[in-house]
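Novice: next comes the sequence, and after it the predicted model I'd like to discuss.
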Amino acid sequence: MFGLQSYIVNGVRSKSARGLIALYQPLMLLDLVVYHKENTNILRIKEVKCFHPYASLLTDIRKSTQALFLNEIINKAIKEQSHAREICSFLFDSFEVLDRLADNYENFHLLFLIKLSRFLGFGPHQAHELLIGRVLDVKEEIILQRMLEAGYSEIIPVTNSQRRNLLDLVLRFYADHVENFGEVRSVHVLREVLE
């Protein structure tokens with residue numbers, strides 16, 4: 001695994017490659033054979049196949065909206081190639097889980113962001129580490145602590161208002177720790193779909 005890389009795909013829009021364009025959608029889990037050269041900005045793909053065909057991630061509007069949002073976060077937050085294998089495994093495992101979950105995945109994006117921050121080296125383990133000068137009401141702080149300890153399939157009852165406040169908190173936490181994090185544009189779409 002080489003970490004974050006850019007690849008050029010030849011012939012993806014040709015008649016002989018009609019089905020291939022579907023492979024290059026955001027967050028598709030691919031198995032690639034590539035021509036790798038050190039210190040090259042854009043590399044070439046030799047072979048590509050789908051590692052895990054999604055059953056529901058691309059067709060369920062709530063899941064696909066979360067995936068769109070998380071794709072933007074990943075592009076903003078993962079800039080280095082350190083721990084590439086661990087981060088890649090985490091991403092593959094996480095999106096396979098989201099695809100398999102049949103219900104109670106409204107908090108998936110929050111749990112994902114918490115878990116991803118740990119791979120990026122600034123992840124909290126206690127609620128107070130995330131707060132740092134910010135205030136949540138007592139119920140939201142309890143929910144946050146549960147999320148810090150939870151797996152993806154754990155059911156944590158959260159209202160839309162609480163989910164919004166917790167997401168704002170986590171995004172500010174990312175902005176504090178990721179250089180040039182900037183505005184997350186897809187968050188508005190996420191809120192519209194999930195609320």
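Specialist: That came through, no problem. Numbering: from 1, shown residues only.
Novice: report the contact partners of N10.
Specialist: By C-beta atoms under 8 Å, 6 or more residues apart in numbering, the contact list for N10 reads R44. Every residue, glycine included, has its C-beta placed from N, CA and C.
Novice: state the pLDDT value of it.
Specialist: Looking at N10, its pLDDT reads 73.
Novice: ok, now A84?
Specialist: A84 is given a pLDDT of 80.
Novice: just E47 next, same as before
Specialist: For E47, pLDDT reads 82.
Novice: same question for G3.
Specialist: 66.
Novice: how about Q81?
Specialist: pLDDT for Q81: 67.
Novice: cool, and F122?
Specialist: So F122 comes in at 93 (pLDDT).
Novice: for it, give me its contacts.
Specialist: Contacts of F122 by C-beta under 8 Å, 6+ apart are H177.
Novice: element containing it, please.
Specialist: For F122, there is no host helix or strand (DSSP states H and E).
Novice: and this structure, what are its domains?
Specialist: 1-51, 54-194 (automatic domain parsing).
Novice: for the lowest-mean-pLDDT helix or strand in the chain, packing partners?
Specialist: In the chain, no helix or strand scores lower on mean pLDDT, DSSP states H and E than strand 6-8, which sits at a mean of 78. With contacts defined as 3 or more C-beta pairs under 8 Å, 6 or more residues apart in numbering; DSSP states H and E, strand 6-8 has these neighbours: strand 42-50.
Novice: where does L23 land on pLDDT?
Specialist: pLDDT, L23: 79.
Novice: correction: E96
Specialist: 96.
Novice: who touches the residue nearest the centre of the chain in this structure?
Specialist: Nearest residue to the geometric centre of the chain (C-alpha atoms, centre = their mean): L70, 3.5 Å. Applying C-beta under 8 Å, 6+ apart, we find L70 in contact with L27, H109, F112, L113.
Novice: now stretch 180-195: average pLDDT?
Specialist: pLDDT averaged over stretch 180-195 gives 91.
Novice: ok so, going back, show me the contacts of L70 that map onto helices.
Specialist: Residues of those located in helices (DSSP state H): H109, F112, L113.
Novice: no further questions, thank you.
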